[in-house]
Each structure stands twice: as C-alpha cells, then as structure tokens.
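Participant: Mind looking at a prediction? Sequence and model below.
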Amino acid sequence: MDEAIARRKRINRLKKMILGMVGVAILVPIMICVILAVKLTEQKHQTAQLQLQLAAKEAEVQTEEVTGVFTTAHVEESPREQVEIQETEQEEAEGIAYDKRIYLTFDDGPSSNTDAILDILKQYDVKATFFVVGKTDEQSVALYQRIVEEGHTLGMHSYSHKYDEVYASKESFIQDLTKLQEHLYDVTGVWPRYYRFPGGSSNTVSRVKMQELIAYLYENDITYYDWNVASGDAVPGQLPKDTIVNNCLGGIQAQADSVVLLHDVGEKDTTVAALPEIISKARMQGNVCFLPISDDTLPIQHLTAE
Ligand SMILES: [Zn+2]
C-alpha cells in the first residue's frame, strides 16, 4: 500500500516536472517574441524620426543651392518668398525688370583691340556679344576663349567676311558658315547659334536671295541679329570718339530694346575710347541693363524669311 502511495507521488512529481518544462518551453519563445516586437517598434520610430530630420536637411541644402544665399535667416523664408526671389533673378537675367535692355555687339573681331574691349566690359560689369570671323592664330583662339569664359555671347559673322565669297551662292554661304561654326566649337566647346550677316540682312551685294539664307539659318537653329542703333564706326578710318558716343546714346534713348552695332577692329581705337562713356551715360538714362544676346533677346532684323 505504502509502495503504491509512494509510486503515485513520484508519478505526480514527474507530471508536475513535465508540465513545468512544457510551460517553460512555451513561455520563453513568447517572451522573446514580445521583447523583439517592442524593440522593433522602437527602432521603427527612431528610423522615422531620422528620415524626417534628413528630409528637412535636404530641403535646406536645396534651397541654399538654388538661391546661393547661405544665411540662417534665409532658411526661415517661406516657399512663396523663395519663389519670388527666383523669379526676380530670372527677370534680371532676361532684363524684364528693366525699362531698357541694351545689347552691345562687336563685329569683325577678334583683333588687337579685343582685349581692351573685354577689359572695359569687365570693369563696368557689362556682358556683350561678339560677332566674330574665322581666325586660327594662337592669339585669336585665346580671344574666342576669353569671350566665352567671361560670359559674353560668341556669335558668328562669317568665316572669310569676303562678300564675293560668302554671297556667291547658297552652297558657298553654307560652307563658310559651317567652317566658322565648327572652328568656334572646336576651340571654345560652345556651339554658336547666333549670326550676323556681313553687311546685315538688308545688304544689296548678295547674289543669293537673302530670304533663302535666312531660311537656311532657321532650319539649322541659328538666329540672326541685325541692329537698330548704329555707332557709325563702320566708316573708313576713325570716327571721332564723341560722334560714336552721341550716335549710340541717341539711338539708345529712342527705344526700349537696343542692339548697338560697334566694331572690334585693330585700327578703330576711337570705338574702344568711346565705350566707357557709352556705358556710363546710358546708365544715366534710367533703369537700364546691358545683356549678351540670348534666346530671350527681341530679334532685331531688317529682313525676315518669306
Ligand atoms: Zn563685318
């Protein structure tokens, strides 16, 4: 009897032990799962916060890149104010914010005067346009490059500038144009897209109909510009400096958008001498800006394609 009781007790103890072990075997993984779940939630929360911080930082950096302003005050500006600043900068680049837009253009260079012209433009913080001809000497190549590096527009004015060759036929015009365009691209890396016809689009020397040549330019994404202000410096020899200044200022006075014809030629020193006065006196005419020719420039053309 005693033995039977002792046996039952043993069995009961054994049962408890087994139940206990089973319980532990079930509980431990559940507890581990719960702990891991809590940790995971914490991590997710942290990640979300870090992502938010990162997004905010990126937005700050972008804003600074766009406007180029690196003040803490700027970061606090509203998106609307930022848009307005960008619009103002855009309007300045296009000259919309000004009453008058002046495009100084220099034909026939590069020459021994190009450096002097570029120095004056730099001194007065003016960007202009150079309608150049084809030259391959080292000095001329350096001048094409300086024109581009200093933010001016490098335009084309035919390779040879010989009327009887350029205007002999449509084929010879295309050949001359292509030669200059490829040469300028080779030495500056900029593909020129603006053209000034030798003698202007209203010249009477061309043996080809000018409209045919104009159509060719447009087919090839080239815009041509004549002028609506003549400095008068195209006359043989040197025009007196004051005459050049007066011709330019009178023309600029008369209109909102002025494309001013000047020459970059070695012997035309009075043009160089007139330049500082043209710029400073034009600025006295009011809210004016000097711009290089771009796609935003009003095309001043004596002739148009039919
Ligand atoms: Zn010319």
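Facilitator: It's in. Quick caveat: nothing in here was measured; it's all calculated off a predicted structure.

Participant: Am I right that Leu262 is in a strand?
Facilitator: Yes - using DSSP: H, G, I helix; E, B strand; the rest coil, the assignment for Leu262 is a strand.

Participant: ok, it - contacts?
Facilitator: Shown in contact with Leu262 (Cβ atoms under 8 Å, 6 or more residues apart in numbering): 104-107, 231, 233, 244, 248, 271, 275. C-beta coordinates here come from the backbone N, C-alpha and C atoms, glycine included.

Participant: Which positions in the stretch 101-250 of the chain make contact with the ion?
Facilitator: Neighbours of the ion within the stretch 101-250 of the chain, by Cβ under 5 Å from the ion: 107-108, 198.

Participant: Just the closest of these to Glu171, please.
Facilitator: Closest approach to Glu171 among those (Cβ to Cβ): Pro198, at 16.9 Å.

Participant: thought that closest one was touching Val166?
Facilitator: Yes - here Pro198 lies in contact with Val166, judged by Cβ atoms under 8 Å, at a distance of 5.9 Å.

Participant: ok, Phe16 to the ion distance?
Facilitator: Just so we're on the same page, residue 16 is Lys rather than Phe. Distance, Lys16 to the ion, using Cβ to the ion, to the nearest Å: 112 Å.

Participant: where does that residue land in three-state SS?
Facilitator: Going by three-state DSSP: Lys16 is helix.

Participant: picking up where we left off before, now intersect the contacts of Leu262 with the helices, please.
Facilitator: 244, 248, 271, 275 (DSSP state H).

Participant: Return the residues in contact with the third one.
Facilitator: Neighbouring residues of Thr271 by Cβ under 8 Å, 6+ apart: 113, 231, 233, 244, 262-265.

Participant: any idea which of the residues you listed is closest to the ion?
Facilitator: His263 (7.2 Å; Cβ to the ion).

Participant: Quick check, pLDDT for the closest one.
Facilitator: Here the pLDDT value assigned to His263 is 98.

Participant: Now for it: which residues touch it?
Facilitator: Each residue near His263 by Cβ under 8 Å, 6+ apart is listed here: 106-108, 231, 233-234, 271.

Participant: Put together TSV for those, with distance to Gly286 and pLDDT on each row.
Facilitator: Formatted as TSV, those follow (distance: Cβ to Cβ, whole Å; pLDDT from 0 to 100):
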residue	distance to Gly286	pLDDT
Phe106	24	98
Asp107	27	98
Asp108	31	98
Ser231	21	98
Asp233	25	97
Ala234	28	94
Thr271	24	98
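
Participant: in the stretch 101-250 of the chain, which segments are predicted with low confidence?
Facilitator: Scanning the stretch 101-250 of the chain for pLDDT under 70 picks out no residues.

Participant: What are the boundaries of the strands in the stretch 201-306 of the chain?
Facilitator: Assigned by DSSP state E, counting those that start in this stretch, the stretch 201-306 of the chain shows strands spanning 223-224, 229-230, 257-263, 288-290.

Participant: Mind checking if the third one is in reach of the ion?
Facilitator: The reference is to strand 257-263. No - residues of strand 257-263 are not located near the ion by Cβ under 5 Å from the ion, the shortest gap being 7.2 Å.

Participant: Could you spell out the sheet neighbours of that strand, each with its direction?
Facilitator: Within its sheet, strand 257-263 is paired with strand 100-107 (parallel), strand 229-230 (parallel), according to DSSP bridges.

Participant: Could I get these in CSV, plus columns for mean neighbour count?
Facilitator: As requested, these are exported to CSV (neighbours: other Cβ atoms under 10 Å):
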stretch, mean neighbour count
strand 100-107, 25
strand 229-230, 21
